[in-house]
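Enquirer: sequence unknown, structure follows:
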């Protein structure tokens with residue numbers, strides 16, 4: 001029984017994947033403080 005060959009990822013594909021992941025993390029770190037402040041303000045308003 002032969003297994004299917006797995007897709008081959010070259011170095012540049014891996015670099016692109018890591019760059020995309022890093023971009024997502026950086027964007028999330030910019031948005032998280034404002035999101036937390038918005039939610040905190042909403043909680044205080046609704047009390």
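Expert: On my side now, so go ahead. Worth saying up front: this structure is predicted, and the values here are computed from it rather than measured.
Enquirer: where does the chain dip in pLDDT?
Expert: Residue ranges of the chain with pLDDT under 70: 1.
Enquirer: and residue 20, backbone torsions?
Expert: Phi and psi for residue 20, reported as degrees, to the nearest 10, are phi -70, psi -40.
Enquirer: contacting residues for the residue most central in space within the chain?
Expert: Central residue of the chain (CA atoms, centre = their mean): residue 24, 3.7 Å from the mean position. Counting by CB atoms under 8 Å, 6 or more residues apart in numbering, residue 24 makes contact with nothing. To be clear about C-beta, it is placed using only N, CA and C from the backbone, and glycine gets the same treatment.
Enquirer: Which element, helix or strand, includes it?
Expert: In this assignment (DSSP states H and E), residue 24 forms part of helix 11-46.
Enquirer: With residue 5 instead?
Expert: Element membership for residue 5 (DSSP H and E) is empty, with no helix or strand holding it.
Enquirer: Which phi and psi values does it adopt?
Expert: Per degrees, to the nearest 10, the backbone of residue 5 is at phi -70, psi 140.
Enquirer: repeat for the one 5 residues further on
Expert: When read as degrees, to the nearest 10, the backbone of residue 10 gives phi -90, psi 180.
Enquirer: so how many other residues sit close to it?
Expert: By other CB atoms under 10 Å, 8 other residues sit near residue 10.
Enquirer: and it, how far is that from residue 22?
Expert: Distance, residue 10 to residue 22, using CB to CB, to the nearest Å: 19 Å.
Enquirer: How about residue 16?
Expert: In this view, residue 16 and residue 22 are 11 Å apart by CB to CB.
Enquirer: ok, now residue 15?
Expert: Distance check for residue 15 against residue 22: by CB to CB, it reads 10 Å.
Enquirer: And residue 28, by the same measure?
Expert: 11 Å.
Enquirer: Overlap in contacts, the two.
Expert: Contacts common to residue 28 and residue 22, judged by CB under 8 Å, 6+ apart, are absent.
Enquirer: For stretch 36-44, list every residue counted as buried.
Expert: Within stretch 36-44, no residue counts as buried by 16 or more other CB atoms under 10 Å.
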